[in-house]
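**Q** got a predicted model here, sequence first, then my questions.
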Amino acid sequence: MNFKNVFRWHLPFLLLVGCLSFRATAADNLLILGDSLSAVYRLPVNSSWPSLLNNQWQKQGGLPTIINASISGDTAEQGLARLPGLLSQHHPRWVLIELGANDGLRGFAPTTISQTLQQVITLVKQANAQPLLLQIRLPPNYGRRYGDAFYAIYPALAKQENIPLIPFFMEPVAVKPQWMQDDGLHPNQDAQAFISNWMSEKLLPLIKQAH
């Protein structure tokens, strides 16, 4: 038997299997690239909404593994800097982009924030992953003019890049003082289950649509 010929005949099949295996691995991962709203500021990691969501999805079976790569205090630029390594390490099929709040709190120009988020989206697409953009809204004390300009970044980017825009989970949380930490910016532990269910409701149709 000529093993060179056998290998040559089977090479396309082996490559196909390898590609399918890679996609199967990628299909299991949803990467969260965020800041303290997803890194859960001052709370135990296992009580965070990403951990609760992952536990819920794994019990259901057939749903992605949640990889929470969020870091408290990260700006969009810092998230962008970390993204290539995360994409290379995890090969996610979806990337939830929860960035921009710290940029807004520091008064960065909306055009600069938009350009950075667009670079994040581009990198995700280049990695053959699906970007999912989370809407962010600033607290009202930052001024209506700047707040409106900041808020408008997200629907404009989602439309321009033709990607899903996920509603901001903090809007129904921030109106409940019992769900907020004393800084008035971050949800407390009591809010995490609500956020987990909220995000599951918004994400599941997008996840299932891709299968």
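**A** Nice, I can see it. Numbers count the residues shown, from 1 in each chain.

**Q** disregarding residues adjacent in the polypeptide, which is nearest to residue 200?
**A** Distances taken as C-beta to C-beta, 6 or more residues apart in numbering place residue 53 nearest to residue 200, at 5.8 Å, with adjacent residues excluded. In this view, the C-beta of every residue, glycine as well, is placed from N, C-alpha and C.

**Q** pLDDT value on that neighbour, please?
**A** Residue 53 is assigned 97 on the pLDDT scale.

**Q** which elements pack onto the helix or strand that contains it?
**A** Residue 53 belongs to helix 49-60 when assigned by DSSP states H and E. Here helix 49-60 touches strand 65-68, helix 192-209, going by 3 or more C-beta pairs under 8 Å, 6 or more residues apart in numbering; DSSP states H and E.

**Q** sorry, back to before: burial count for the residue nearest to residue 200?
**A** Applying other C-beta atoms under 10 Å, we find 25 residues neighbouring residue 53.

**Q** could I get the phi/psi values of residue 126?
**A** Backbone torsions for residue 126, taken as degrees, to the nearest 10, come to phi -60, psi -20.

**Q** could I get the helices and strands packed on helix 49-60 in TSV, plus columns for mean neighbour count?
**A** Converted to TSV, these look like this (neighbours: other C-beta atoms under 10 Å):
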stretch	mean neighbour count
strand 65-68	20
helix 192-209	17
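
**Q** could you dump those into a markdown table with distance to residue 93 and mean pLDDT added?
**A** Putting the helices and strands packed on helix 49-60 into a markdown table (distance: least, C-beta to C-beta, whole Å; pLDDT from 0 to 100) gives the following:
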| stretch | distance to residue 93 | mean pLDDT |
| --- | --- | --- |
| strand 65-68 | 10 | 97 |
| helix 192-209 | 9 | 95 |
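
**Q** ok, which of the ones you listed comes nearest residue 130?
**A** Across the helices and strands packed on helix 49-60, residue 130 has its closest neighbour in helix 192-209 (7.8 Å, C-beta to C-beta).

**Q** ok, and what's touching the closest one?
**A** Helix 192-209 is contacted from outside by 30, 40, 43, 47-50, 52-53, 56-57, 63-64, 94, 96, 130, 132, 164, 166-167, 169, 172-173, 179, 187, using C-beta atoms under 8 Å, 6 or more residues apart in numbering.

**Q** mind checking which of those are buried?
**A** Neighbour-count burial within these applies to 30, 40, 43, 48-50, 52-53, 56-57, 63-64, 94, 96, 130, 132, 164, 166, 169, 173, 179, 187; the criterion is 16 or more other C-beta atoms under 10 Å.

**Q** give me the most central residue, the protein.
**A** By C-alpha atoms, centre = their mean, the chain has its centre lying nearest to residue 96, at 1.6 Å.

**Q** would you verify that that residue is located in a strand?
**A** Yes. Applying DSSP: H, G, I helix; E, B strand; the rest coil, one finds residue 96 inside a strand.

**Q** run through the residues that contact it.
**A** Residues near residue 96 by C-beta under 8 Å, 6+ apart: 30-34, 38, 132, 134, 166, 203.
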